[in-house]
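Asks: everything below, folded, please.
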Amino acid sequence: MNFNLRKKMIKKFLQNELIQNIVGFLISLYIKICFHTSLWYVRNNKSIESHIKKKSKIIVIFWHNRLLMAPFCWEYKNNFKMLISSHRDGRIGSIAVSHLGIDTIEGSSNKNKISSVKQIINELNQKNIVGIAPDGPRGPNQKIKEGLIAIQKKTNSVIFPLCYSAKFYKELNSWDKFMFVYPFNKFVAIWGKPIMYDKKKSLSKNISIVQNELDRVTMLSKNLSK
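Replies: Numbers count the residues shown, from 1 in each chain. So this is what the prediction gives:
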């Protein structure tokens, strides 16, 4: 069968709501198996715990290629909502994390981009914690976008960079080089330093500060998971 035809058939197959629910459930099951059969280390989490106790407005950021196990980096009872694309893959991801007790905010389409930003701001103002992949939904890979910093500035939120890495994984041939992890693994999750918007610095400088810190914890988690 022609590759493009096969790809088109798979896409059409995944448009079905029942199929999306089944695939989402199976993904959540696989995630749980990976977590419960693996060693899991979390570093530098005292600072975020302090901000949770103070009821700060918190935005947790992680790269799009680390979405698979990101829910297990969150071990607190506070409401945590992840921004996930309204695209088909995003809907499946939303179903998957719902089985892990995490709510989602639908975003990242031309039609509902403004409404999703409003919802993020509303969630932060209610002191709910929002998780965002700042390079999603289509890249560029591992690059902080201006929109994240604009939301941070408007809500006076603190950004916490977060990254996990795994000892055993396959890097998929996708725009984000998605990290597909295996069971019986070793995971290391690193929390970065809290970052507030600095009004004395330019927007581009604030973006660089967040970029550098998320890059730092990404490299550190890679090195420690080997």
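
Asks: wait, what's in contact with residue 147?
Replies: residue 117 (CB atoms under 8 Å, 6 or more residues apart in numbering). Any C-beta I mention is one placed from the backbone N, CA and C, and that applies to glycine too.

Asks: mind telling me what element residue 131 is part of?
Replies: strand 129-132 (DSSP states H and E).

Asks: C-terminal to that strand, what's the next element?
Replies: Heading C-terminal from strand 129-132 (DSSP H and E), you reach helix 146-155.

Asks: look at the nearest residue to residue 37 once chain neighbours are set aside and report its pLDDT.
Replies: Closest residue to residue 37 apart from its sequence neighbours, by CB to CB, 6 or more residues apart in numbering: residue 183 at 4.4 Å. If you check residue 183, the pLDDT there is 98.

Asks: same question, the one 4 residues further on
Replies: Per-residue confidence for residue 187 comes out at a pLDDT of 98.

Asks: with the one 4 residues further on instead?
Replies: Looking at residue 191, its pLDDT reads 97.

Asks: which strand residues bridge it?
Replies: residue 162 (DSSP bridges).

Asks: for residue 216, see how far away it is.
Replies: According to CB to CB, to the nearest Å, residue 191 stands 11 Å off from residue 216.

Asks: which elements pack onto the strand holding residue 131?
Replies: Helices and strands touching strand 129-132, as assessed by 3 or more CB pairs under 8 Å, 6 or more residues apart in numbering; DSSP states H and E, comprise strand 58-61, strand 80-85, helix 113-125.

Asks: can you pull the contacts of residue 119?
Replies: Taking CB under 8 Å, 6+ apart as the test, what residue 119 contacts is 105, 107.

Asks: try 6 Å
Replies: Each residue near residue 119 by CB atoms under 6 Å, 6 or more residues apart in numbering is listed here: residue 105.

Asks: report pLDDT for it.
Replies: Value for residue 119, per-residue pLDDT: 91.

Asks: the more surrounded of residue 191 and residue 216?
Replies: residue 191 (20 against 15; other CB atoms under 10 Å).

Asks: please tell me I have it right and that one contacts residue 44.
Replies: Yes. If you go by CB atoms under 6 Å, residue 191 and residue 44 touch, sitting 4.4 Å apart.

Asks: hmm, back to that, who's in contact with the strand holding residue 131?
Replies: 58, 59, 60, 61, 78, 80, 81, 82, 83, 120, 123, 124.

Asks: need those in CSV with distance to residue 136, can you?
Replies: Output for these, formatted as CSV (distance: CB to CB, whole Å):
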residue, distance to residue 136
58, 19
59, 14
60, 14
61, 10
78, 23
80, 17
81, 15
82, 10
83, 8
120, 13
123, 17
124, 18
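
Asks: sort those residues by pLDDT and name the bottom one.
Replies: Among those, residue 78 has the lowest pLDDT, at 74.

Asks: any idea how many residues pack against residue 48?
Replies: Residue 48, neighbours per other CB under 10 Å, totals 21.

Asks: kindly report the same for the one 10 residues further on.
Replies: Using other CB under 10 Å, the number of residues around residue 58 comes to 22.

Asks: and the closest residue to it other than its chain neighbours, what are its bridge partners?
Replies: Distance criterion CB to CB, 6+ apart; nearest residue to residue 58, sequence neighbours excluded, is residue 129 at 4.5 Å. Assessed by DSSP bridges, residue 129 has beta-bridge partners residue 80.
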